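S.K.: got a sequence here, can you build the structure:
(chains A and B, ligands or ions: 2)
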Amino acid sequence: MSNIISVKELTKIFDGKTAVDGLSFDVPSGSLFAFLGQNGAGKSTTINILLGLLKCDGGSFDYIGLSDGEERKRQIGVVFQNNVFDDLMTVEENLTLYGKLYLAGSAVKSRCREVIEQFGLGDFAKQRFGSLSGGQKRKAEIARALFMSPKLLFLDEPTTGLDPRTRAEVWSIIHGIRRKSGMTVFLTTHYMEETADADKVVIIHKGKLVAENSSAELKAQYSYDRLRIKPIDAALLESRLTELGAAFERTADTYSVQMSDTEHSIELLYALKSNIRSYEAVKGSMDDVFLNAVGEQLQGVNI
Amino acid sequence: MTSHITILARRSIVLFLRDKTAVFFSFLSSLIIVALYVLFIGKTYSAGLMEESSFFAGNAGSYLVYLQMIAGVMAVNSLSLSIGAFSTIAKDFETRRVDSFLITPIKVSRLIAAYFFGGFIASFVLNCVTWIAAFALIGGLTAYWVTAVVFVKVIAILVFASFMSSSIMLLITSLLKSTSAISVFMGVSGTFIGFLCGVYMPFSMLGKTVEKIGSVIPFTHVSVWFKRVILSGAFEQIKMPSPLNDMVLDSFSASNVGFVSLDIPLWGMLLYCAAFALICLFAAWNILRRRIGK
Ligand SMILES: Nc1ncnc2c1ncn2[C@@H]1O[C@H](COP(=O)(O)OP(=O)(O)OP(=O)(O)O)[C@@H](O)[C@H]1O
Ligand SMILES: [Mg+2]
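M.R.: Ligands and ions are numbered 1, 2, ... in the order given. Here you go, the predicted structure:
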């Protein structure tokens, strides 16, 4: 797969504080690229540098396969972490205003109608932005970013404040566009389940890269499947697990046992069967990946 | 595309007009002037005129007093209306909305031009509205109606006044970092300038020092210009004996103030105003360009 963005040794220092620290990564063209990290890790700063809104103090980046200069701005859509629509104007007025910065008047009108339809903004299109609910605002902002059908879409925590149904709806629109046009999505989010489909995940910590791979590979590396068992007799279970040599963790009345494969878990369940009130098998998730990758950094362990 | 400027200038104006509090505060200094006149300054002026000549008894005297008041109001208005519209700029910086424009194909220079014209047009149009309202009110109260020639001349001066005040205020906006700083400045400056420029009280009462300080401030000369044009039309209209001219102009701070101690004619001072405005505009332009970061 060819890359659409290539970042090399990117560094940004704010008043002596390093926000981005020699960061290098590539964004494959057409991919869902997830860019993760704790609060203050340097995600928004990196995006702002890539958008040309901040100057970097070192390193470089390249857009590959996009136009140069002004024309490129038409090919990139951005949902900022903060809302940028004007509170005192309606959703429709806001969309029209942004549209007119790209297109001629008549084209704006019809595209505006399309976008309102596509994102289901009709109910509140004539309402002032300031009076919308948090989720409605976010939805309108995402509609703005997709107004010009960009080739590359930056999403900086796009779905904060969206209810699960609206979030699914927004993602299905975005994935629909990706399927049709091959749009690349550069996503930062704190909802790890949104990154499960990511073609590539980059995790940063204090401006430095800590993990980089496909979500499947990262899961294999950083997460594990678990059996969560509620025993009838806790003391008995603990002694049996120790006997069997299985490492476990206890939270309240539930024991969590790390599993290497399905056969292993069936054997274990069988061995314990008389002492199990209930159990569940939990698949390793991106949450584990994030917590473990960042956790290693917090404990000062190098990977 | 010039239309980028139109689109964003229109945005500034719409945002300003929809922000009822901002509009109210922009008019506040002027409302204070009007209230003071109605309560006592007006009476003091009328009494002063009547002491000089019985000619000013009745509506003729009030007509002159109201006209000179409205001239001062428009000078102060041009200042506070433009900075009111410019509070959008501070808000755009605070909320990083500027970024959302920078990722569109708009050029930074056009963005700044749009901000400038937004303030200029808001200041000009709202001041025209003030002038039209004043025309109707003064006419209704005194039965003297401002002549068409004077009416149009004032509109032309308003173009100049709005340009000048927008340029100066754009510089101040570019230096202030927050919306609250702008609100405070807006509240204080109107009243302050009102005093220093002889709008509240004539320089003859305020003394030479204030007059010298006031003479440095461009708004003083614009206010003199307004008064000159409006009053000289009115003198003819009310058939005032010409020996009274200088006395009236003087007691209304409508005579030339020159520059500090230099006796410079009004047109010279207006050139000074224009140059002052252009320098401010140039400086504001450069500061904003740097702040926007391109
Ligand atoms: N303009 C600025 N001036 C000074 N420091 C800044 C500035 N912008 C960001 N920082 C600092 O840089 C670091 C990275 O911030 P950034 O906004 O990129 O984090 P983030 O990863 O987007 O976090 P979040 O998930 O909370 O949005 C933080 O420590 C922040 O305090
Ligand atoms: Mg952020």
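S.K.: tell me the secondary structure for A:Q81?
M.R.: Classification of A:Q81 using DSSP: H, G, I helix; E, B strand; the rest coil returns coil.
S.K.: look up how far ligand 1 lies from it.
M.R.: Distance, A:Q81 to ligand 1, by C-beta to the nearest ligand atom, to the nearest Å: 6 Å. Backbone N, C-alpha and C define where each C-beta goes, glycine included.
S.K.: just the pLDDT for that residue.
M.R.: If you check A:Q81, the pLDDT there is 94.
S.K.: nearest spatial neighbour of it, chain-adjacent residues omitted?
M.R.: Leaving out its chain neighbours, the residue that sits closest to A:Q81 by C-beta to C-beta, 6 or more residues apart in numbering or on different chains is A:D156, at 4.2 Å.
S.K.: which residues sit in contact with the one you found?
M.R.: Neighbour list for A:D156: A:K43, A:S44, A:I47, A:V78, A:V79, A:F80, A:Q81, A:T188 [criterion: C-beta atoms under 8 Å, 6 or more residues apart in numbering or on different chains].
S.K.: and with 7 Å instead?
M.R.: A:S44, A:I47, A:V79, A:F80, A:Q81, A:T188 (C-beta atoms under 7 Å, 6 or more residues apart in numbering or on different chains).
S.K.: residue ranges with poor pLDDT in the stretch 1-150 of chain B?
M.R.: For the stretch 1-150 of chain B, applying pLDDT under 70 flags the ranges B:1-2.
S.K.: type out the ChimeraX command that picks the buried ones from the contacts of A:D156.
M.R.: Those of the contacts of A:D156 that count as buried under 16 or more other C-beta atoms under 10 Å in any protein chain shown are selected in ChimeraX with:
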select /A:44,47,79,80,188
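S.K.: hey, C-alpha coordinates of the helix ranked longest in chain A in CSV?
M.R.: Counting by DSSP state H, the longest helix found in chain A is helix A:164-181. This file holds the C-alpha atoms of helix A:164-181, laid out as CSV (Å, rounded to 0.1, in the frame of the first residue of the first chain):
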residue,chain,number,x,y,z
PRO,A,164,-23.9,5.1,20.8
ARG,A,165,-26.6,5.0,18.1
THR,A,166,-25.5,8.4,16.6
ARG,A,167,-21.9,7.3,16.8
ALA,A,168,-22.7,4.1,14.8
GLU,A,169,-24.7,6.2,12.3
VAL,A,170,-21.8,8.7,11.8
TRP,A,171,-19.3,5.9,11.4
SER,A,172,-21.5,4.1,8.9
ILE,A,173,-21.7,7.3,6.8
ILE,A,174,-17.9,7.7,7.0
HIS,A,175,-17.2,4.0,6.1
GLY,A,176,-19.7,4.3,3.3
ILE,A,177,-17.8,7.2,1.8
ARG,A,178,-14.5,5.4,2.3
ARG,A,179,-15.8,2.4,0.4
LYS,A,180,-17.0,4.6,-2.5
SER,A,181,-14.1,7.0,-2.8
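S.K.: quick one, phi/psi of the closest residue to ligand 1 within chain B?
M.R.: Across chain B, the shortest distance to ligand 1 (C-beta to the nearest ligand atom) belongs to B:R96, at 9.4 Å. When read as degrees, to the nearest 10, the backbone of B:R96 gives phi 60, psi 30.
S.K.: what about it, how many neighbours?
M.R.: 15 (other C-beta atoms under 10 Å in any protein chain shown).
S.K.: can you pull the contacts of it?
M.R.: Applying C-beta under 7 Å, 6+ apart, the residues contacting B:R96 are A:N82.
S.K.: and of the contacts of A:D156, the nearest to ligand 2?
M.R.: Set against ligand 2, the nearest of those by C-beta to the ion is A:S44 (3.1 Å).
S.K.: identify the residue nearest A:G122 in space, chain neighbours excluded?
M.R.: That would be A:I116: by C-beta to C-beta, 6+ apart, it lies 5.7 Å from A:G122.
S.K.: I figured A:I177 was touching A:M183, is that so?
M.R.: Yes. A:I177 lies in contact with A:M183 (C-beta atoms under 7 Å); the separation is 5.5 Å.
S.K.: neighbour count winner among these two?
M.R.: Using other C-beta under 10 Å as the criterion, A:I177 and A:M183 rank with A:M183 on top: 22 against 17.
S.K.: next, residue 58: phi, psi?
M.R.: Using chain A here. The phi/psi pair for A:G58 (degrees, to the nearest 10) is phi -170, psi 160.
S.K.: switch to chain B, that's the one I care about
M.R.: The phi and psi values for B:G58, taken as degrees, to the nearest 10, are phi 80, psi -160.
S.K.: show me the helices in the chain, by range?
M.R.: This is for chain A. Using DSSP H, the helices assigned to chain A run over residues A:43-50, A:69-73, A:91-100, A:105-118, A:134-145, A:164-181, A:215-222, A:234-244, A:262-272, A:286-298.
S.K.: that's the wrong chain, I meant chain B
M.R.: Listed in chain order, the helices of chain B (DSSP H) span B:3-18, B:20-36, B:42-52, B:59-94, B:97-102, B:108-142, B:148-175, B:179-196, B:203-206, B:208-216, B:218-237, B:245-251, B:266-292.
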